[in-house]
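# Sequence first, then the predicted structure, then my questions.
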Amino acid sequence: MEHAIFISEIEGLKHFNSSHFNRLYFGNEFSIDAMPQKDSIGKAIRWGKDNNIPISFVTPALLTDDDLLEMSVLMESMPEGSEIIFNDWGLLKLIKERNHVPIHGRLLFWTRKDPRMKMDSKSIGYFRSNNLNHHYQNIIKNLGIERVEFDNAKQGYSFMPIDGMGVSLYYPFVFCSMSRTESMPYSPNDTF
């Protein structure tokens, strides 16, 4: 079993040295604007080589065509065979074209995550349902994806990996929701 730390800025590497982690997750899964740039990716790659630590690059969801072009440029700076966790299906083709290893990100894992749900509910099976059924796993495995990632939701999951499908669990934080908005300048005089 591997233990990884997830950072989105190169300064976060200082937390790795005093930890028990043996893999680095580097990137941002929520915003292309917060994705590390080429120079930071290069520093992370050098750090990984110097410390003999494997790196998984985490990519954002909700990408536009322009964002995909930006991700394509960033992927060119990653060594061939890099593990790339994708959270937008539009990246899969780019990942494979550059001979990287695609990992099904947790933002593509669909389930209900509501902290208000009742654990004694008669409908707990409904809350444990998700999109990672055997048919879906077979489809993504045929696409060259051999690992899926998901959150540590309190209700647990009705999930059994198929042969050869790896699993990664994010802990302790759970992703609940996101949306895409354009950055707008804000003024204290604005009314909403």
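Right, received. Where do you want to start? Numbers count the residues shown, from 1 in each chain.

# so what's the residue positioned nearest the centre of the chain up against?
Nearest to the geometric centre of the chain sits Gly105, at 4.1 Å (Cα atoms, centre = their mean). Contacts for Gly105 (Cβ atoms under 8 Å, 6 or more residues apart in numbering) come out as 29, 58-59, 61, 85-87, 149. To be clear about C-beta, it is placed using only N, CA and C from the backbone, and glycine gets the same treatment.

# try it again with 7 Å
Counting by Cβ atoms under 7 Å, 6 or more residues apart in numbering, Gly105 makes contact with 29, 85-87, 149.

# For PyMOL, write the selection for the buried entries among those.
Here is the PyMOL command that selects the buried residues among the contacts of Gly105 (16 or more other Cβ atoms under 10 Å):
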select buried, resi 29+85+86+87+149
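
# now, among the contacts of Gly105, which is nearest to Ile41?
In terms of Cβ to Cβ, no member of the contacts of Gly105 lies closer to Ile41 than Ile85, at 14.0 Å.

# just to revisit the earlier point, among the contacts of Gly105, which one lies nearest to Arg128?
Glu149 (17.4 Å).

# Which residue ranges of the chain form strands?
With DSSP state E applied, the chain shows strands at 4-7, 23-27, 55-58, 83-86, 101-104, 147-151, 166-170, listed in chain order.

# Check which residues of the first one are buried.
Residues of strand 4-7 classed as buried: 4-7 (neighbour count, 16+ other Cβ under 10 Å).

# For the chain, which residues score under the pLDDT cut-off?
18, 176-192 (pLDDT under 70).

# Now stretch 158-174: buried residues?
Residues of stretch 158-174 classed as buried by neighbour count (16+ other Cβ under 10 Å): 159, 165, 168, 170.
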